[in-house]
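**Q** Compute the structure for the input listed below.
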Amino acid sequence: MNFANRYSLLFLLATSLFTSCKSTEEALYSAVHSNHSVSIGKLPRLEQVVEAGPLNATEGAYPDDASKVFRQELAYHTAEPADTVEYGYAKLIITQAEVTRTGRGLQAFQMATLMTPSLFGLPLEWYRTEVKAEVQIINSKGEVIGSYTGTGRSKVRVAMYNGYSQTSAPRISDVQGLRLALDQIRPQLDTAAISLRAQLLAAGPSEELIGTAHTNR
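**A** Here you go, the predicted model:
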């Protein structure tokens, strides 16, 4: 194989690896339905508030990913589904989002062998995101009546067939890290749900949004 043909083939193989693989949207948002570790309907309906902070500074997550994930979390695992009146706010604060890439030495080997190992499932690299998050429950008077924290550590492989593409893996890693952090927070909310519900109902329904909390960042 001459020089030009060899690198044309290499380019085509690399392109297929970067743009194919598993579905990004399915990986991001389908898993929320499968986790029922906490009974649905423990709290009255709450207004969603998100401060994404560090997650918006990574190369992966989209600006609205944190809001989408938190909205699903509240809808499927926390709030009374039939409620139409809001009794306060559930505020997600992401305090840390650190991304690392490991296994990048495999890339040189893959390139030297015309990406052949990738056809047999060898990954190109892994993305890992550690997300630290806090969820505050705030009553209609603007008082924080509960604060709960969790840490999520994701590991997403870049590979053909049994992994994700180079372009989608960073985003999936960020979102999975957030989901895992919320998985830690959910049981804490479940334990406190009876007390929180009583306090939220006692403060009454929300009349207007508090301060800057309505602004998703």
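
**Q** Just the mean pLDDT for the longest helix along the chain, thanks.
**A** The longest helix of the chain (DSSP state H) is helix 169-203. Across helix 169-203, the average pLDDT comes to 94.

**Q** likewise stretch 132-144?
**A** Regarding stretch 132-144, the rounded mean pLDDT is 97.

**Q** and if you look at stretch 158-165?
**A** Stretch 158-165 carries an average pLDDT of 72.

**Q** Paired strands for the helix or strand where residue 50 lies, with orientation please.
**A** If you go by DSSP states H and E, residue 50 is part of strand 47-51. Note on strand 47-51: by DSSP bridges, its sheet partners are strand 88-102 (parallel).

**Q** What residues sit buried inside the strand it pairs with?
**A** 88-94, 97, 99 (16 or more other C-beta atoms under 10 Å). From N, CA and C alone the C-beta is placed, and that goes for glycine too.

**Q** One more: stretch 174-194?
**A** Applying a neighbour-count criterion of 16+ other C-beta under 10 Å, one finds 174-183, 185-186, 188-190, 192-193 buried in stretch 174-194.

**Q** same question, stretch 53-70
**A** Buried residues in stretch 53-70, counting neighbours by 16+ other C-beta under 10 Å, are found at 54-56, 58, 60-61, 65-67, 69-70.

**Q** how about the helices in this structure?
**A** Taking DSSP H, the helices of the chain run over residues 3-19, 24-29, 65-77, 105-112, 169-203.
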